[in-house]
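> attaching a predicted model along with its sequence, questions to come.
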Amino acid sequence: MMEMRIALSDKEANGYVIPLGPVNLVLITTDVGMVGCGAFDIMALDRFDYPAARGRSNRDTPIVTLEDLLEGVVRDANHQAEIRGIQVGMPIRVALGLL
């Protein structure tokens with residue numbers, strides 16, 4: 001597993017890359033919520049009132065690194081994330097700023 005501190009505009013977040021055989025789980029957490037790759041069930045996290053969104057790459061490749069995720073856009077968001085202003089198509093860095 002790789003862990004990295006990520007500087008946002010007004011706070012820091014924690015980034016994680018967890019290798020699982022042929023794929024990586026990639027996520028970034030703040031003190032409020034998270035944005036991750038497509039492997040996460042963000043609707044299940046909504047049941048715990050935890051704001052979460054999934055990202056997609058701006059390229060034709062899957063998200064495998066933290067940089068891929070940070071350069072991507074929001075693919076979908078749970079209700080708690082939407083309450084915080086996160087919208088589909090929003091840059092991931094902007095979404096993290098709302099968390």
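Ah, there it is. Numbers count the residues shown, from 1 in each chain.
> residue nearest the centroid of this structure?
Val35 (1.5 Å; C-alpha atoms, centre = their mean).
> residues in contact with Ser80?
In this structure residue 80 is Gln, not Ser. Taking C-beta atoms under 8 Å, 6 or more residues apart in numbering, we find Gln80 in contact with Gly33, Leu45, Asp46, Asp49, Tyr50, Pro51, Ala52. From N, CA and C alone the C-beta is placed, and that goes for glycine too.
> Ser9 too?
Residues in contact with Ser9, defined by C-beta under 8 Å, 6+ apart, are Gly97.
> distance of it relative to Asp41?
Applying C-beta to C-beta, to the nearest Å, the value for Ser9 to Asp41 is 28 Å.
> just give me how far the helix or strand where Glu67 lies sits from the chain centre.
Glu67 is part of helix 66-70 when elements are defined by DSSP states H and E. With C-alpha atoms, centre = their mean, to the nearest Å as the basis, helix 66-70 stands 9 Å off its chain's centre.
> what mean pLDDT does stretch 9-18 have?
Averaging pLDDT along stretch 9-18 yields 95.
> which positions within that stretch qualify as buried?
Across stretch 9-18, burial judged by 16 or more other C-beta atoms under 10 Å covers Ala13, Gly15, Tyr16, Val17.
> also stretch 29-48?
Within stretch 29-48, the residues that count as buried by 16+ other C-beta under 10 Å are Thr29, Thr30, Gly33, Met34, Val35, Gly36, Cys37, Phe40, Ile42, Leu45, Asp46.
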